[in-house]
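J.: Generate coordinates for the sequence data below:
(one chain, ligands or ions: 2)
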Amino acid sequence: MKKLAPSILSADFSRLAEDVMKIQKGGAHLIHVDVMDGHFVPNISFGSTVMKSLLGRTDIPFDVHLMIENPERYIDDFVTDNTEYITVHQEACTHLHRVVQQIKAAGVKAGVSLNPATSLDTLEWILEDVDMVLLMSVNPGFGGQKFIPNVMDKVRQLAEIRDRRGLDFEIEIDGGVTLDNVKTVIEAGVDIVVAGSAVFKADDIEERTKQFVELMV
Ligand code: DX5
Ligand code: ZN
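T.: Ligands and ions are numbered 1, 2, ... in the order given. Next up, the predicted model:
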């Protein structure tokens, strides 16, 4: 089954727990946690304290997306009983293999993310070690941007490489996903769909979550 991971970057931070209850009632599978440092990306979002404020308030596992430099320094901060995935950017890691092992040693699934202009080739020697690959379909930094269509070919190519090499990592897509394009994205081979503004900027967040979840087959 495919999974929906609404990004709390687009939630109302003054009512974060309430917004999260809405996606929980709507059946969301993961909470996508967008961490930005103002260096790797031109925006600052929030750190582990905000994520941890949700502990005990929801059972939905965290899907942490670190858009930060030197992520190895902060991995441990994001490891909680609720953390299912921690994803780092290939572009932000000099020692990517080491960081992936660090995440897995902490008992968390390890993801690696690629910006839109970064080639799949950069993952050739790490694919066997990762649990998930996150393909960015916008340039990271902000919610509410437009989906970059050529990432669809990248998804298909990655799914093809996965088959050919007999691997079982999941493929996640992040950025500009809406009810209009989510079906195409899933058909291309995506397992986990991130949606920020399309969920949290809806008039009825719970209902919108349900609409997305219905398409996660
Ligand atoms: C972009 C973030 C995304 C973003 C998605 O830097 O990684 O997770 O919040 O938001 P939408 O769905 O609005 O593009
Ligand atoms: Zn993200």
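J.: I'd like the next helix or strand past the lengthiest helix in the chain.
T.: The helix of greatest length in the chain, counted in residues with DSSP state H as the criterion, is given as helix 151-165. Following the chain from helix 151-165 toward its C-terminal end, the next helix or strand by DSSP states H and E is strand 170-174.
J.: Could I get the buried residue list for the helix or strand following that next one?
T.: The C-terminal neighbour of strand 170-174 among helices and strands, as given by DSSP H and E, is helix 182-187. Along helix 182-187, the positions that meet the burial threshold by neighbour count (16 or more other CB atoms under 10 Å) are 182, 185-186. Backbone N, C-alpha and C define where each C-beta goes, glycine included.
J.: And the helix or strand just after helix 182-187, what does it pack against?
T.: Under the assignment DSSP H and E, the closest C-terminal helix or strand after helix 182-187 is strand 192-195. Counting contacts by 3 or more CB pairs under 8 Å, 6 or more residues apart in numbering; DSSP states H and E, strand 192-195 is packed against strand 3-6, strand 62-67, strand 170-174, helix 182-187.
J.: ok, the residue in the chain that ligand 2 sits nearest to - contacts?
T.: Distance from ligand 2 to each residue of the chain (CB to the ion) is smallest for His65, at 3.7 Å. Counting by CB atoms under 8 Å, 6 or more residues apart in numbering, His65 touches 7, 32-35, 87, 111, 113, 134, 174, 194.
J.: rewinding a little: report the angle between the longest helix of the chain and strand 170-174.
T.: Using axes from the mean of the first three to the mean of the last three CA atoms, to 10 degrees, the inter-axis angle of helix 151-165 relative to strand 170-174 is 170 degrees.
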